[in-house]
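K.L.:
Got a predicted model here, sequence first, then my questions.
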Amino acid sequence: MTSFAELRRSISRPSLARRAALGLGSALACSGALASAQEATFALQAKKVLTGTGEAIESGVVLVENGKIRAVGAGLAIPAGWTVHQHDGVVMPGLIDLGATLGGSALLENHESLTPDLRVADGIDLWDPSYAAWLAAGVTSVYVIPPTGSVIPGSGAVVKTAGAPEQRIVSTDAGLEIGLNSGARRRDRAPTSVQGSALALRDLFGHQSPAASVQRAKRGELAVFAHADSAGEVRLAAQLANELGWKARIVGPALPDQALAIVRGAAIPLVLRPLDYGVDERTRRSYGALGATAHPIGFASLAQGGGEPGLRRGAALAVRAGLDPAIAVRALTGGAAAMLGLEARLGTLAPGRDADLVWLDGDPLDLGTRIVAVFVDGKRADRGAEGR
Amino acid sequence: MLALFSLCLAALGAALPNSGIEPPVQAAPDEHPWLIQAGTVIDAKGQRFAPGAVLVKDGKILAVGTGLVAANAKVRDFGAHAVVTPGLIEANAEIESIDRAEEGAEITPRLRLADGLDPESRAWAGLRRNGVTSAFLSPGGRAVISGRGAVVKTMPTADERWILDPAGALKATMGQEPSGGNIVPRFGRPNSIFYRRPTTRMGVTWEFRKAFSDAQLYAAARSAGGPLDPDAQVLADLMASKGEIRMRARLLQDIRTAIRLAEEFGLRLVIEEGIESFRSPEEILAAKAKLIYGPTLFEPAGIVFGFGFATGSVRQQETDRNYLATPARLHASGVEFALGSADYAATDRGLAHQAAIAVHFGLPREVALRACTVVPAMWLGIEKRVGTLEVGKDADLVVWSGEPFELATRPVAVMVDGVFADAQED
């Protein structure tokens, strides 16, 4: 009699193989040695290397040693005995999603509206299937946030989308989430209004709050991600940031150029929703009006899991609307890491950084470009790897 | 014309395809002054210039009068029928909708409406369509003491320049309105923040009196070294300084309650709405209360929220004793008042309409204009900047299609701080 486990294997194996055959066809064509790329020390020669800082190196070499990047450049000497991969395409740092509720509890702890002691790190399911979907889209790190829907839903953690479980959590407390958007307020729980939220936050930060996250945010050690949609909410976020000493980031302004006009002086970075098809013309233009801004921006899917992050598509559509392409790439990688205060580990291809790499067969902002392989900590992590 | 239009939009912080990402924080200094010409200019200080003109530069008034010339000025002539007045001042605009009011508690004296203002709100255009260039924004009546209002210009800027006073008068509401939505515990578990007092008119008064009398006890304890209570401190400070309390009171009984409570705690009283004030103007005179009257409506006024079993509606009328001639009658009784439109402020029943009704039913035209300009400017403490057309004051003005405060007259152009927002543009 066939056991349930065997039955499941017999069903899933062929489908996995089929998926591998479909997904990896092009990968194998451009790099014959890819299938053996499991060791965390190797040299990679690519047609183009995007470093995540906005820089592009033609015919670049990336040296990866024990899961970290040792060197990046054109015409680097490759140490003797190292495995060498050739990639006839683009290599870039793994993308960073600046806000998603992946594998966190789907339910908000919403008895009160201000719960700064809650940490999403205490409730993350690392085996949530969404991580695989994010990985497949080239995202290697996610800033996992508690479900929004409160004025302070808690603090968020940075999690890699693949790797050994004990190594996947990059930071247990990367930011304090604050909701000034309408979704954070409810009519049957105080505060019910924007001005009420302002008062509650001033009280919390003005008095001796025992919450460690509040104390760290006050000292500027913990970034504050303030969710705001309307110009009024953005205006308040900028005011509170100035008043309460937040190292603030404004998340999800509906019209980013207007948010920028308001926060310009305070140089508060903006975390944008990926632009999607079907948005109204005003919103689309507002993304485009960011143009070649030097103002720090990043992208957050703000997804609840399921589906896919849409980061690359969102950035591409923003570029089509007028955003500078180099800025868009930086926003997906190095810029995002800087917003999390993790630029020493993530987001760029530079010596000492984690070897989180995405191989693509073309420009990352070209919607027809495919992802060939994704590496996390120097190890091949995408589904294609299983098809060996 | 296109440049003019762009300037208006840029000042609003709106996105134009070619405006780039940085709308000017300060209105750019005018290279040329504006010369605004019309058949009549009324300065609200008692003078009418016909024909008249106003010369404006860098957001301020340079000259008002007849036969003004300025060699390098941009001229905008509105024609012989047009009348220019100072920008109107809405003394009582309640622009927040119900879902934007704070309902977390009944006594929230530290709340500031200014924190919740949205520069992108459609209310500003609605106010400008009524010829309003400055407004007192009053917190709604969902709480007994609902916090501080704000005084603003009606053309938001990307910076905070448009907010003239982020901490305006403290607002309280008498009558039945704050009790609307609160629930009496009868059965089951009280599982909502709305299981609370007040649920009646008496309860509203009780909450108000308790807050201030607790603040008196607190002040005594505090001066003896007691702990700080920031909410009570606001009320204690207000009493110590004999400050102003703005109380919404519609029925005569609520007006009387407001007068009694203000007296009891040594506060200067501003009565908002005062729909039944015509029934006893002498009491308002005796109390030396400032009255911000309105809205005047063709229908019963004063709305409380709740389910009316008879009508099945969620809106019930608090009073139908609402006479269109109230402003005229108040004036005849010697009561000085400002006009306010409450929650109609940003609609087509806003201040321009309110003043027109008042004039139509007997209020002298000059008095109506004062009630929308000079009087509220003084009461809001902004009379040095706005309220009249005078050299050196802010260039806030309205160009009307004809004699103002006629039902057929509309504002054709509104200027705030020297920037035109054509009324029809909105």
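P.N.:
Thanks, I have the structure now.
K.L.:
Got the domain ranges for chain B?
P.N.:
The record's domain parsing of chain B by automatic domain parsing lists B:2-86+B:421-425, B:88-386.
K.L.:
could those be laid out in CSV, adding mean pLDDT and distance to chain A?
P.N.:
Bear in mind the C-beta positions are built from the backbone N, C-alpha and C, glycine included. Formatted as CSV, the domains of chain B follow (pLDDT from 0 to 100; distance: least, Cβ to the nearest Cβ, whole Å):
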stretch, mean pLDDT, distance to chain A
domain B:2-86+B:421-425, 76, 5
domain B:88-386, 89, 3
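K.L.:
Can you show me the helices along the stretch 201-350 of chain B?
P.N.:
Assigned by DSSP state H, counting those that start in this stretch, the helices in the stretch 201-350 of chain B fall at B:201-223, B:230-240, B:252-264, B:281-286, B:326-332.
K.L.:
What's opposite the most centrally placed residue in chain A in the beta bridge?
P.N.:
What sits nearest the mean C-alpha location of chain A, by Cα atoms, centre = their mean, is A:Asp97, with 1.6 Å. Taking DSSP bridges, one finds A:Val142 as the beta-bridge partners of A:Asp97.
K.L.:
got the contact list for it?
P.N.:
A:Trp134, A:Val139, A:Ser141, A:Val142, A:Tyr143, A:Phe299, A:Ala300, A:Ser301, A:Ala303, A:Pro309, A:Leu311, A:Ala336 (Cβ atoms under 8 Å, 6 or more residues apart in numbering or on different chains).
K.L.:
ok, so of those, who is nearest chain B?
P.N.:
A:Phe299 (17.8 Å; Cβ to the nearest Cβ).
K.L.:
Tell me who's in contact with the closest one.
P.N.:
Contacts of A:Phe299 were listed using Cβ under 8 Å, 6+ apart, and they are A:Asp97, A:Leu98, A:Val271, A:Leu272, A:Arg273, A:Pro274, A:Leu311, A:Gly314, A:Ala315, A:Ala331, A:Leu332, A:Ala336.
K.L.:
Look up the closest residue to A:Leu178, ignoring the ones flanking it.
P.N.:
In this structure residue A:178 is Ile, not Leu. A:Ala226 (4.6 Å; Cβ to Cβ, 6 or more residues apart in numbering or on different chains).
K.L.:
how deep is that neighbour tucked in, by neighbour count?
P.N.:
27 (other Cβ atoms under 10 Å in any protein chain shown).
K.L.:
State the three-state secondary structure for it.
P.N.:
strand (DSSP: H, G, I helix; E, B strand; the rest coil).
K.L.:
where's it relative to A:Arg235, distance?
P.N.:
Noted for A:Ala226: a distance of 11 Å to A:Arg235, by Cβ to Cβ, to the nearest Å.
K.L.:
quick one, helices of the stretch 101-250 of chain A?
P.N.:
A:130-136, A:165-168, A:194-206, A:212-218, A:231-244.
K.L.:
Please produce a markdown table containing the ones you listed, extended by mean neighbour count and distance to chain B.
P.N.:
Converted to a markdown table, those look like this (neighbours: other Cβ atoms under 10 Å in any protein chain shown; distance: least, Cβ to the nearest Cβ, whole Å):
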| stretch | mean neighbour count | distance to chain B |
| --- | --- | --- |
| helix A:130-136 | 21 | 30 |
| helix A:165-168 | 12 | 38 |
| helix A:194-206 | 22 | 4 |
| helix A:212-218 | 20 | 18 |
| helix A:231-244 | 22 | 3 |
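K.L.:
Now tell me which of those helices the model trusts least on average.
P.N.:
Of all the helices of the stretch 101-250 of chain A, the minimum mean pLDDT falls on helix A:165-168 (a mean of 89).
K.L.:
which regions of chain A sit below the pLDDT cut-off?
P.N.:
A:1-38, A:104-107, A:384-388 (pLDDT under 70).
K.L.:
distance between stretch B:330-337 and the chain's centre?
P.N.:
20 Å (Cα atoms, centre = their mean, to the nearest Å).
K.L.:
Only the buried residues of it, if you could.
P.N.:
B:Leu330, B:His331, B:Val335, B:Glu336, B:Phe337 (16 or more other Cβ atoms under 10 Å in any protein chain shown).
K.L.:
ranking the domains of chain B by burial, who's on top?
P.N.:
domain B:88-386 (a mean of 20; mean count of other Cβ atoms under 10 Å in any protein chain shown).
K.L.:
B:Phe49: what's it in contact with?
P.N.:
B:Thr40, B:Val41, B:Ile42, B:Asp43, B:Val64, B:Gly65, B:Thr66.
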